[in-house]
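**Student:** 3D model of this:
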Amino acid sequence: MFGFGQRTALKTRVLLSSSLALILALGLMGVIMQQAFKEKTLQLVEERLEGYLYALIAYIEYDENQLVMPDNYPTPRMEQPASGIYGQILIRDFLWQTPSVLGQDIPEIKPLATNERIFNTRQKFGGVTYFYLSQGVAIETDDEVISATIAVSENAGEFYDELAAFRESLLTWIMVISGALLVIQWVIMYWATRPLKRLMHDLSRLEQGAESIFPEDYPLELRGLTASLNRLIENERNSLQRQRRTLGDLAHSLKTPLAIIHSELDNQPVDKSIINQQVMQMDEIVAYQLKRAAVAGHRTFTRGVPVIDVVDKIIDSLQKVYRRKNVQVKTAVAPGAEFFGEQGDLMELLGNLLENAFKWCDLHIQVTIKTLIKSGRQRTGLIIEISDDGPGIAEQKRELLLQRGVRGDEKVTGHGIGLSIVTDIVESYQGELSIDRDPDLQGARFNITLPP
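**Tutor:** From the prediction side, this is the model:
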């Protein structure tokens, strides 16, 4: 709009645009103030001249075809020659003037019809500017009604000199105030943009490795940004750690099968069944670790995934697989519940837990999903509870299932790889996973909390 380039500094844009707006606003205010002052003053002038005019009308006496004026005038200035205020009365061809007109060239009075009025704020005559008010009146005598025109004029030079002085003074003050406000605006802008400079400084320190995250003592308007950046940094670090841990676990998991194969190759004859068994185990380990590596984890910038659609899709698929069990599934999903992450992670998370529930339940499964709201966050988290009426999981085995760093092939039979994937997904979203017994169904209940 103002011709700023894309690379123009934000501070420069704000200062220039706000300064221009300030100057325009003050200039407009000055014009309005001057016009208001002028109009109000002219209104007072007209009212004053109108008072003189009505006073002259009241003083008029017309007797025996002669105009008779009293000794008193509406203002003493009308008795003083060249006083600057003058009165005139025109009746037929007779013109009467106040003593102040003596030796002065004043606007010529012209006859007006009864009640006709003229008010001129810049009546030029003889090189002098006058305020001029005239009105036609009717004078009643015993014999007839006589038309007369009465005029009052006042030297306007002093008024317009004062108006020019007022305009000059107003312009001076507007310039002074504008300068002061521009300085104050610059100081405010410098103070207001300090957090942005600090943000850039902290970002530079993060790039250099001097800091690990952004501090939390930024102004309220920047806390959302720094919190999102911190989550982004934390997610990247967690992703890197997860990849390193996955590679380490893969190497560790393959060590034993490789040792068995190497040992068996030294035997004669070689037992192919042992080799095949270890190869199949290695294949399962690689598949499991690939699934772990595929966990996307928490994403700072992503659209919400409708939870109910994923739940219905998984349940429909598992109902077909376990058709003979005729499992009864009750779902209670909060309206509008969304998962802010990769849809594949949600499918893997719910799919493993529901498949486990279908596998171990007798007849009933309960799925409850609620939204988790945190103050200051636009996103919502999830509280997931999946329970069944199966045999449940013994308390001592629950702890083993939830141990970090325990590989899927080392966990409880029937709950290994799938629950390991669930644990990794929950950890990647900074969530919590717990296992207890459902008080109603009396089977295992998996409780997951995923924060916003």
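**Student:** rest of the way, CA atoms for contacts and neighbours
**Tutor:** OK.
**Student:** Run through the strands of the stretch 1-150 of the chain in chain order.
**Tutor:** For the stretch 1-150 of the chain, applying DSSP state E, counting those that start in this stretch gives strands covering 61-63, 66-68, 85-91, 94-97, 117-125, 128-140, 145-155.
**Student:** For the ones you listed, give me TSV that also has distance to G304 and mean neighbour count.
**Tutor:** As requested, these are exported to TSV (distance: least, C-alpha to C-alpha, whole Å; neighbours: other C-alpha atoms under 10 Å):
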stretch	distance to G304	mean neighbour count
strand 61-63	95	14
strand 66-68	97	13
strand 85-91	83	24
strand 94-97	92	14
strand 117-125	72	15
strand 128-140	76	20
strand 145-155	79	21
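**Student:** Let me have the ones you listed in JSON lines, extended by mean pLDDT.
**Tutor:** Output for those, formatted as JSON lines (pLDDT from 0 to 100):
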{"stretch": "strand 61-63", "mean pLDDT": "71"}
{"stretch": "strand 66-68", "mean pLDDT": "71"}
{"stretch": "strand 85-91", "mean pLDDT": "89"}
{"stretch": "strand 94-97", "mean pLDDT": "86"}
{"stretch": "strand 117-125", "mean pLDDT": "87"}
{"stretch": "strand 128-140", "mean pLDDT": "89"}
{"stretch": "strand 145-155", "mean pLDDT": "89"}
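**Student:** Indicate which one of these is closest to S387.
**Tutor:** Distance to S387, taken as C-alpha to C-alpha, is lowest for strand 117-125 among those, at 92.9 Å.
**Student:** Run a quick neighbour tally on the nearest residue to A332 once chain neighbours are set aside.
**Tutor:** Leaving out its chain neighbours, the residue that sits closest to A332 by C-alpha to C-alpha, 6 or more residues apart in numbering is T368, at 4.8 Å. T368 has 15 neighbouring residues, counting by other C-alpha atoms under 10 Å.
**Student:** rewinding a little: so for M347, which of the strands of the stretch 1-150 of the chain sits nearest?
**Tutor:** Closest among the strands of the stretch 1-150 of the chain, using C-alpha to C-alpha: strand 117-125, at 85.3 Å.
**Student:** quick check: angle from the closest one to strand 128-140?
**Tutor:** 150 degrees (axes from the mean of the first three to the mean of the last three C-alpha atoms, to 10 degrees).
**Student:** Can you tell me which helices and strands strand 117-125 packs against?
**Tutor:** Applying 3 or more C-alpha pairs under 8 Å, 6 or more residues apart in numbering; DSSP states H and E, one finds that strand 117-125 makes contact with strand 128-140.
**Student:** And the residue positioned nearest the centre of the chain, how far from A192?
**Tutor:** The centre of the chain sits closest to E221, judged by C-alpha atoms, centre = their mean, with a distance of 9.7 Å. In this view, E221 and A192 are 11 Å apart by C-alpha to C-alpha, to the nearest Å.
**Student:** Could you export the strand or helix carrying S420 as CSV, CA atoms only?
**Tutor:** Element membership for S420 (DSSP states H and E) is helix 417-428. Output in CSV follows, covering the C-alpha atoms of helix 417-428 (Å, rounded to 0.1, in the frame of the first residue of the first chain):
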residue,chain,number,x,y,z
ILE,A,417,5.2,-56.2,19.9
GLY,A,418,1.7,-54.5,19.7
LEU,A,419,1.9,-52.9,23.2
SER,A,420,5.5,-51.9,22.5
ILE,A,421,4.3,-49.9,19.5
VAL,A,422,1.6,-48.4,21.7
THR,A,423,4.1,-47.4,24.3
ASP,A,424,6.4,-45.8,21.8
ILE,A,425,3.5,-43.8,20.3
VAL,A,426,2.3,-42.6,23.7
GLU,A,427,5.9,-41.6,24.6
SER,A,428,6.4,-39.8,21.3
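**Student:** orientation of the helix or strand just after it relative to helix 417-428 in degrees?
**Tutor:** Toward the C-terminal end, the helix or strand that comes next after helix 417-428 (DSSP H and E) is strand 432-437. Going by the same axes, to 10 degrees, strand 432-437 is angled at 140 degrees with respect to helix 417-428.
**Student:** just to revisit the earlier point, pretty sure the residue nearest to A332 is touching V329, no?
**Tutor:** No. Look at T368 against V329 with C-alpha atoms under 8 Å: they stay out of range, at 10.7 Å.
**Student:** sorry, back to before: so for the helix holding S420, mean pLDDT?
**Tutor:** The pLDDT scores in helix 417-428 average 78.
**Student:** so where's this structure uncertain?
**Tutor:** Confidence mapping of the chain against pLDDT under 70 gives the ranges 1-8, 62-65, 70, 249, 252-253, 256, 288-289, 291-302, 376, 403-418.
**Student:** distance between the top helix by length along it and the chain's centre?
**Tutor:** Ranked by number of residues, the top helix in the chain under DSSP state H is helix 10-59. Distance of helix 10-59 from its chain centroid, counting by C-alpha atoms, centre = their mean, to the nearest Å, is 36 Å.
**Student:** what inclination does it have with respect to strand 117-125?
**Tutor:** Interaxial angle of helix 10-59 relative to strand 117-125 (the same axes, to 10 degrees): 110 degrees.
**Student:** how far off strand 85-91 does helix 10-59 point, in degrees?
**Tutor:** Going by the same axes, to 10 degrees, helix 10-59 makes 50 degrees with strand 85-91.
**Student:** OK, contacts around the closest residue to I106 other than its chain neighbours?
**Tutor:** With C-alpha to C-alpha, 6+ apart as the criterion, I106 has its nearest non-adjacent residue at 6.3 Å, and that residue is F125. Counting by C-alpha atoms under 8 Å, 6 or more residues apart in numbering, F125 touches D105, I106, P107.
**Student:** on that earlier part again, next secondary structure element downstream of whatever helix or strand the residue nearest to A332 lives in?
**Tutor:** For T368, the element it lies in under DSSP H and E is strand 364-373. Later in the chain than strand 364-373, the nearest helix or strand by DSSP H and E is strand 380-388.
**Student:** what's the following helix or strand after that next one?
**Tutor:** Following strand 380-388 toward the C-terminus (DSSP H and E): helix 395-402.
**Student:** orientation of the longest helix of the chain relative to strand 145-155 in degrees?
**Tutor:** With the same axes, to 10 degrees defining the directions, helix 10-59 sits at 140 degrees from strand 145-155.
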